[in-house]
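Peer 1: Requesting a structural model of the entry that follows:
(one chain, ligands or ions: 1)
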Amino acid sequence: MSDPCVICGCKESPFGSGDGEYTRCVHCGVLRTRYSYNAEMYGEAYAKNYLLYAESTTNTPLQLFRVGLVSRWLHRGDKILDVGCCVGEFLGFAEKYYSCVGFEPNKKAIAKRRCKAKIHSTMNGMILPSKCITMFDVLEHIEKPREFLKLLFTYLSPGGIFVITTPDVQAVGDKGLKTWKHYKPKEHLFLYSELSLETLVQSVGLQILHWGREESDIRPDNPNGDIMTCVARRPSL
Ligand SMILES: [Zn+2]
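Peer 2: Residues are numbered from 1 along each chain as shown. Okay, here's the model as predicted:
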């Protein structure tokens, strides 16, 4: 017997012949890595990618797209918390219109910051609450996604919005899965489908407002347009 799906509670079944590195939930379609989370190994593997990213050229179209997206639900001066902000590339654009704070546990990334906004390396001491929490390409790395979103929910003002981008596992068929660039079982601990992401955000009390995609014209290294965007709202009091 495999463990129940941590997203929807349904029993998982092994992917394909069962020799894969993920298990797939038969109901919500989320893939969960078979690897035990090892903070040391994970930190080491991921830190390399992170620092490569920190050296990369700023992707202005992507960041303008993201600022435009959040602007649909925000007013000038509203507070944004960007979780897993890396070098603060999004914050560097968003801070022209909003009051911004970042959270980034990797201090080497913070040292290469591209924003004026303060970036915290721990959750302690962050000024609360925020009108908007963004989590770009972060959720797939989180070992306990429900617990993490529950915590972040408390950092969000009533009526505030939560913006998540993550790879959509349904963007590739089963045959293409293992060669997909996001098939990284030691880094991407979960690969979500729309249904599993919807189930997750609703389970912490958020209401879905919008689905979108970051297409290849702004994510040139993702030719399938395989990054989905979910915007959800914390209900007003
Ligand atoms: Zn499930």
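Peer 1: And the ion, is stretch 193-209 touching that?
Peer 2: No: shown here: stretch 193-209 not in contact with the ion (CB under 5 Å from the ion), separated by at least 5.8 Å. C-beta here means a position set from N, CA and C on the backbone, and glycine is covered the same way.
Peer 1: Could you pull up the residues touching Cys132?
Peer 2: 70, 73-74, 78-81, 98, 156, 160-163 (CB atoms under 8 Å, 6 or more residues apart in numbering).
Peer 1: quick one, strands of the protein?
Peer 2: Counting by DSSP state E, the chain has strands at residues 12-14, 22-25, 31-33, 79-83, 99-103, 118-120, 130-136, 156-167, 190-191, 207-214, 227-233.
Peer 1: Can I get the fourth one in CSV? Just the C-alpha atoms.
Peer 2: In other words, strand 79-83. Extracted as CSV, the C-alpha positions of strand 79-83 are listed here (Å, rounded to 0.1, in the frame of the first residue of the first chain):
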residue,chain,number,x,y,z
LYS,A,79,2.5,45.5,0.1
ILE,A,80,4.0,42.5,-1.7
LEU,A,81,5.9,39.7,-0.1
ASP,A,82,7.9,37.6,-2.7
VAL,A,83,8.7,34.2,-1.3
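Peer 1: And for the closest residue to Val163 other than its chain neighbours, the neighbour number?
Peer 2: Using CB to CB, 6 or more residues apart in numbering and skipping the chain neighbours, the partner closest in space to Val163 is Thr134 (4.6 Å). Applying other CB atoms under 10 Å, we find 26 other residues in the vicinity of Thr134.
Peer 1: Quick check: the nearest residue to Ile110 once chain neighbours are set aside vs Tyr98, distance?
Peer 2: The shortest distance from Ile110 to any non-neighbouring residue, by CB to CB, 6+ apart, is to Ile119 (4.9 Å). Distance, Ile119 to Tyr98, using CB to CB, to the nearest Å: 15 Å.
Peer 1: Return the residues of this structure in contact with the ion.
Peer 2: Within reach of the ion by CB under 5 Å from the ion, the chain has these residues: Cys5, Ile7, Cys8, Cys10, Cys25, His27, Cys28.
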